[in-house]
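Asks: just the structure for this:
(one chain, ligands or ions: 2)
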Amino acid sequence: MLTRWLACGLDPARVTVLRPSGKPVAHGVTVVTAYPAALPAGTTVLLGMKPYQIADVAAGLAPLLTAETRLVSILAGTPIADLRRHFPAPRDVVCAMPNLPVGLGEGVVALYTDAATDAAAKADIAALIAPLGLAEWMGDEALFNQVTALSGCGPAFLFRFIDALSRAGEALGIPADQAARMALATVQGSANMAARASVSPATLADQVASPGGMTRQGLNVLDADNRLLDLLTDTLVAARDRGAAMARGE
Ligand SMILES: NC(=O)C1=CN([C@@H]2O[C@H](COP(=O)(O)OP(=O)(O)OC[C@H]3O[C@@H](n4cnc5c(N)ncnc54)[C@H](OP(=O)(O)O)[C@@H]3O)[C@@H](O)[C@H]2O)C=CC1
Ligand SMILES: O=C(O)[C@@H]1CCC=N1
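Replies: Ligands and ions are numbered 1, 2, ... in the order given. Below is the predicted model:
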């Protein structure tokens with residue numbers, strides 16, 4: 001997220017990162033390993049540590065936050081009620097679920113806030129998120145683990161698909177390096193085409209398939225007994241359920 005914000009012109013002098021390792025983050029960005037005595041007025045805090053660390057982090061951070069501090073969390077499986085319990089002072093609290101392509105401005109960010117958050121703060125945070133890619137406000141927090149499974153975890157599932165497509169080609173005798181290049185370029189071109197198309201991906205799949213041809217035979221394998229659909233549904237269910245377990249502290 002920070003990579004993209006800096007690329008879009010955010011002044012690095014306005015950013016402070018707290019990380020225990022103290023490793024540099026980017027030119028001009030201040031990195032600290034301990035909390036300052038106070039935060040400047042108008043600070044937006046973005047939580048990005050592991051979800052299970054919330055209590056430890058709150059012990060040091062919560063006393064620094066005021067009603068005016070804006071709090072944005074990207075912690076998976078962490079409902080807004082947990083954030084408000086650990087960080088009681090801020091009025092404006094937003095849950096954001098980015099995915100890795102936000103670094104290119106081609107990500108997806110699911111967002112949720114509650115009625116306590118001020119409308120102006122919500123608009124400011126929407127403007128902050130906008131350069132990262134597609135932003136989707138969720139009306140129902142109960143869907144947050146589902147959208148985390150779909151778009152937050154989604155890049156990993158797509159990377160796995162690209163790798164599997166490549167290795168399947170290799171298994172059929174295509175040289176490994178060529179299979180890898182062709183699988184990646186096929187996914188990239190197809191995603192770009194689907195993004196620009198006026199018809200759905202399902203229709204595009206049928207358009208590739210010449211009647212009685214090769215593609216239809218392949219699609220029949222993916223479609224038999226809803227094989228691919230069931231596989232992806234099971235994948236999202238497993239990820240969603242892990243989010244629910246994390247929310248229970250497991
Ligand atoms: N990976 C992804 O695609 C996505 C991740 N998330 C969420 O992002 C968060 C981070 O995940 P991920 O990037 O995979 O994890 P990483 O381990 O890469 O990053 C965790 C970060 O937390 C810092 N940290 C560790 N302890 C503390 C502490 N006590 N106080 C403050 N900061 C601390 C670490 O600092 P240091 O570098 O110095 O060790 C590190 O920068 C998680 O909550 C996850 O749910 C959300 C959406 C997508
Ligand atoms: O794996 C995780 O828990 C986080 C949530 C979305 C992507 N990574």
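
Asks: OK, contacts around residue 60?
Replies: Counting by C-beta atoms under 8 Å, 6 or more residues apart in numbering, residue 60 makes contact with residue 35. For glycine as for every other residue, the C-beta is placed from the backbone atoms N, C-alpha and C.

Asks: and what of residue 3?
Replies: 26, 103.

Asks: try 10 Å this time
Replies: Contacts for residue 3 (C-beta atoms under 10 Å, 6 or more residues apart in numbering) come out as 25, 26, 102, 103, 104, 105, 132.

Asks: and the longest strand along the chain, what other elements does it pack with?
Replies: Counting by DSSP state E, the longest strand found in the chain is strand 107-113. Using 3 or more C-beta pairs under 10 Å, 6 or more residues apart in numbering; DSSP states H and E, the elements in contact with strand 107-113 are strand 93-97, helix 119-129, strand 133-137, helix 144-147, helix 154-171.

Asks: can you do 7 Å?
Replies: strand 93-97, helix 119-129, strand 133-137, helix 144-147 (3 or more C-beta pairs under 7 Å, 6 or more residues apart in numbering; DSSP states H and E).

Asks: which of those sits closest to residue 165?
Replies: Across the helices and strands packed on strand 107-113, residue 165 has its closest neighbour in strand 133-137 (23.9 Å, C-beta to C-beta).

Asks: want to throw the helices and strands packed on strand 107-113 into JSON lines with mean pLDDT, mean neighbour count and distance to residue 39?
Replies: Shown next, in JSON lines, are these (pLDDT from 0 to 100; neighbours: other C-beta atoms under 10 Å; distance: least, C-beta to C-beta, whole Å):
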{"stretch": "strand 93-97", "mean pLDDT": "98", "mean neighbour count": "25", "distance to residue 39": "15"}
{"stretch": "helix 119-129", "mean pLDDT": "97", "mean neighbour count": "15", "distance to residue 39": "16"}
{"stretch": "strand 133-137", "mean pLDDT": "98", "mean neighbour count": "16", "distance to residue 39": "25"}
{"stretch": "helix 144-147", "mean pLDDT": "96", "mean neighbour count": "22", "distance to residue 39": "27"}
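
Asks: among those, which is nearest ligand 2?
Replies: strand 93-97 (6.7 Å; C-beta to the nearest ligand atom).

Asks: up against ligand 1, what does the chain have?
Replies: Contact residues (C-beta under 6 Å from any ligand atom) of the chain with ligand 1: 18-21, 23, 48-51, 53, 56-57, 74-76, 97-100, 152.

Asks: and those residues, which of them are buried?
Replies: Buried members of the residues of the chain next to ligand 1, counted by 16 or more other C-beta atoms under 10 Å: 18, 49, 51, 57, 74, 75, 76, 97, 98, 99, 152.

Asks: make JSON lines out of the residues you listed and add distance to residue 32 and secondary structure.
Replies: Formatted as JSON lines, those follow (distance: C-beta to C-beta, whole Å; DSSP: H, G, I helix; E, B strand; the rest coil):
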{"residue": "18", "distance to residue 32": "5", "secondary structure": "strand"}
{"residue": "49", "distance to residue 32": "14", "secondary structure": "coil"}
{"residue": "51", "distance to residue 32": "22", "secondary structure": "helix"}
{"residue": "57", "distance to residue 32": "14", "secondary structure": "helix"}
{"residue": "74", "distance to residue 32": "19", "secondary structure": "coil"}
{"residue": "75", "distance to residue 32": "20", "secondary structure": "coil"}
{"residue": "76", "distance to residue 32": "25", "secondary structure": "coil"}
{"residue": "97", "distance to residue 32": "26", "secondary structure": "strand"}
{"residue": "98", "distance to residue 32": "23", "secondary structure": "coil"}
{"residue": "99", "distance to residue 32": "27", "secondary structure": "coil"}
{"residue": "152", "distance to residue 32": "28", "secondary structure": "helix"}
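
Asks: with distance to residue 244 added, can I get these in a markdown table?
Replies: Below are these laid out as a markdown table (distance: C-beta to C-beta, whole Å):
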| residue | distance to residue 244 |
| --- | --- |
| 18 | 29 |
| 49 | 20 |
| 51 | 12 |
| 57 | 22 |
| 74 | 18 |
| 75 | 14 |
| 76 | 11 |
| 97 | 14 |
| 98 | 20 |
| 99 | 19 |
| 152 | 14 |
